[in-house]
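K.L.:
3D model of this:
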Amino acid sequence: MKVSARTRVFAVLGDPVAHSLSPRMQNAAFLAAGLDAVYVALQPAAESVAAQMATLVRGGGGGNITLPFKQLAGEVPAARDPRVELLGSANVFGGAGGGLHV
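P.N.:
Next up, the predicted model:
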């Protein structure tokens with residue numbers, strides 16, 4: 001896998017997250033689909049979750065949220081899926097039209 005300045009970055013955000021199999025599975029899917037993208041596991045501090053989500057989306061990426069950040073991600077200022085409103089938590093995030101969506 002070649003990573004360049006144009007490579008889109010996707011991530012699973014959690015704590016702990018080093019054990020996650022998501023990067024292995026997602027990177028295999030990106031490779032099979034011929035996408036210029038990489039999937040990584042990130043362990044941000046709780047106060048940095050919203051900024052990390054926004055940064056990934058601004059770069060054309062996105063990702064998913066795991067424990068303990070699901071409820072926190074559901075509170076991030078963003079366009080919300082009705083299910084996020086109903087449940088008060090988010091599992092995935094991405095962007096459209098330059099904005100963050102959960």
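K.L.:
which element is the spatially most central residue of the chain on?
P.N.:
The structure's the chain has its C-alpha centroid closest to Gly63; by C-alpha atoms, centre = their mean the separation is 2.0 Å. Here Gly63 is covered by strand 62-65, with elements defined by DSSP states H and E.
K.L.:
buried residues in the following helix or strand past that strand?
P.N.:
The C-terminal neighbour of strand 62-65 among helices and strands, as given by DSSP H and E, is helix 70-74. Neighbour counts using 16 or more other C-beta atoms under 10 Å place Lys70, Leu72, Ala73, Gly74 of helix 70-74 among the buried residues. Glycine gets a C-beta too; all of them are placed from N, C-alpha and C.
K.L.:
now stretch 27-35
P.N.:
Within stretch 27-35, the residues that qualify as buried by neighbour count (16+ other C-beta under 10 Å) are Asn27, Phe30.
K.L.:
just the mean pLDDT for it, thanks.
P.N.:
The average pLDDT within stretch 27-35 is 97.
K.L.:
got the contact list for that stretch?
P.N.:
Outside stretch 27-35, the residues that touch it by C-beta atoms under 8 Å, 6 or more residues apart in numbering are Met1, Arg8, Ala37, Val38, Tyr39.
K.L.:
quick check: the farthest pair among those residues?
P.N.:
Based on C-beta to C-beta, the longest span within the contacts of stretch 27-35 runs between Met1 and Arg8 and measures 12.4 Å.
K.L.:
what count of nearby residues applies to the nearest residue to Ala54 once chain neighbours are set aside?
P.N.:
Leaving aside its chain neighbours, Ala54 sits nearest to Leu100 (5.6 Å; criterion: C-beta to C-beta, 6 or more residues apart in numbering). Per other C-beta atoms under 10 Å, the neighbour tally for Leu100 reads 20.
K.L.:
state the distance from the nearest residue to Gly63 once chain neighbours are set aside to Thr55.
P.N.:
What sits nearest to Gly63 in space, not counting adjacent residues and going by C-beta to C-beta, 6+ apart, is Ala11, at 4.2 Å. In this view, Ala11 and Thr55 are 10 Å apart by C-beta to C-beta, to the nearest Å.
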